[in-house]
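# 3D, please:
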Amino acid sequence: MSECNSCPSNGGCDKDKQKCMIENNPLNKVKKIIGVMSGKGGVGKSSISVLIAKRLKELGYSTGILDADITGPSVPRLVGLKDKKVISDGELMHPVDTDDGIKVMSLNLLVDNENDPVIWRGPMIGGVVKQFWTDVLWGELDYLVIDMPPGTSDVALTVMQSIPINGIVMVSVPQDLVSMIVSKAVNMARAINIDVLGVIENMSYITCPDCSKKIKLFNGESTTKFLEEMNLKLLGEIPVLNSVGNLSDPTYKNEDEDLEKVFYPIVDNVMKSLDK
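Below is the predicted model of the structure:
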């Protein structure tokens, strides 16, 4: 049975305590957990997970990132943790701290070679995800951001059922096909009674370098219609920016005013949605 007193959802959870599959480490005090999900890969989910965590840390909150995308663990490289490893004290694993103080747990911080493929079946991957929650000493955190596996696989289901997520942020790009795929992920979260905070539309437009006009690459009306039909909030739109694509560059430093202008309000919207 879940240790409810150490659960971030304690007091706002409608789960039957006797049937709850969530196990919590009583040594961890995590206040709020944000899942970042996408209907498919390649839409910038991991980059946005990292950007959310970085912004929360900039705002003064103690923050961690749990990389639950076991077969595509890109978070360590995105936060500049290449060649660093997790330490274990024999009972618990200790996450690695980034230079700006974000705690990170990822499979790539455990393996010898980050380029080696993860050739595991679903149950083993799901077991690792659970351990990243129960067997890691996260300590006291204001926010834990989970970079979830893409799609609606059994691993995504394991994350939702095994970790007390307070809300899901859905990442998409503005195409009709992707919207259909996203709807499956949204319905999956809602079926498990996890609040979908809204959608972040990545690669939403490009900005003309001469006149600063927004140029939409796809029909914006279809996106609006999709959000209305699914009763989803648009948390914000992110244009195509080099600063997002260059997160994994070891020399990366965010000096992009456009990114700050569009992304800071998105994180504000996520925080406000969690507080409702």
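# name the SS class of the spatially closest residue to Lys233 that is not a sequence neighbour, please.
Nearest residue to Lys233, sequence neighbours excluded (Cβ to Cβ, 6 or more residues apart in numbering): Gly198, at 3.6 Å. The C-beta positions use only the backbone N, C-alpha and C, and glycine is treated the same way. What DSSP: H, G, I helix; E, B strand; the rest coil gives for Gly198 is strand.
# beta-bridge partners for Gly198, please?
The partner list for Gly198 in beta bridges (DSSP bridges) reads Val169.
# so how far is Leu217 from it?
21 Å (Cβ to Cβ, to the nearest Å).
# more neighbours: which of those two?
For Gly198 and Leu217, the more surrounded residue by other Cβ atoms under 10 Å is Gly198, and the numbers stand at 19 against 13.
# circling back to that earlier point, verify the stated contact: the residue nearest to Lys233 with Asn231.
No. The criterion here is Cβ atoms under 8 Å, and Gly198 misses it with Asn231 at 10.4 Å.
# where in the stretch 51-200 of the chain is pLDDT low?
117-122, 176-177 (pLDDT under 70).
# residue boundaries of the helices in the chain?
45-58, 75-78, 122-134, 154-162, 176-191, 220-230, 242-245, 257-275 (DSSP state H).
# can you redo those helices as a markdown table with distance to Val111 and mean neighbour count?
Below are these laid out as a markdown table (distance: least, Cβ to Cβ, whole Å; neighbours: other Cβ atoms under 10 Å):
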| stretch | distance to Val111 | mean neighbour count |
| --- | --- | --- |
| helix 45-58 | 17 | 24 |
| helix 75-78 | 10 | 24 |
| helix 122-134 | 11 | 18 |
| helix 154-162 | 18 | 20 |
| helix 176-191 | 28 | 17 |
| helix 220-230 | 38 | 14 |
| helix 242-245 | 25 | 15 |
| helix 257-275 | 31 | 16 |
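# and of those, who's closest to Asn24?
helix 122-134 (7.2 Å; Cβ to Cβ).
# and that closest one, what does it pack against?
Contacts defined by 3 or more Cβ pairs under 8 Å, 6 or more residues apart in numbering; DSSP states H and E place helix 122-134 against strand 63-67, helix 154-162.
# so which of the ones you listed comes closest to Asn269?
Of all the helices and strands packed on helix 122-134, strand 63-67 comes closest under Cβ to Cβ, at 17.2 Å.
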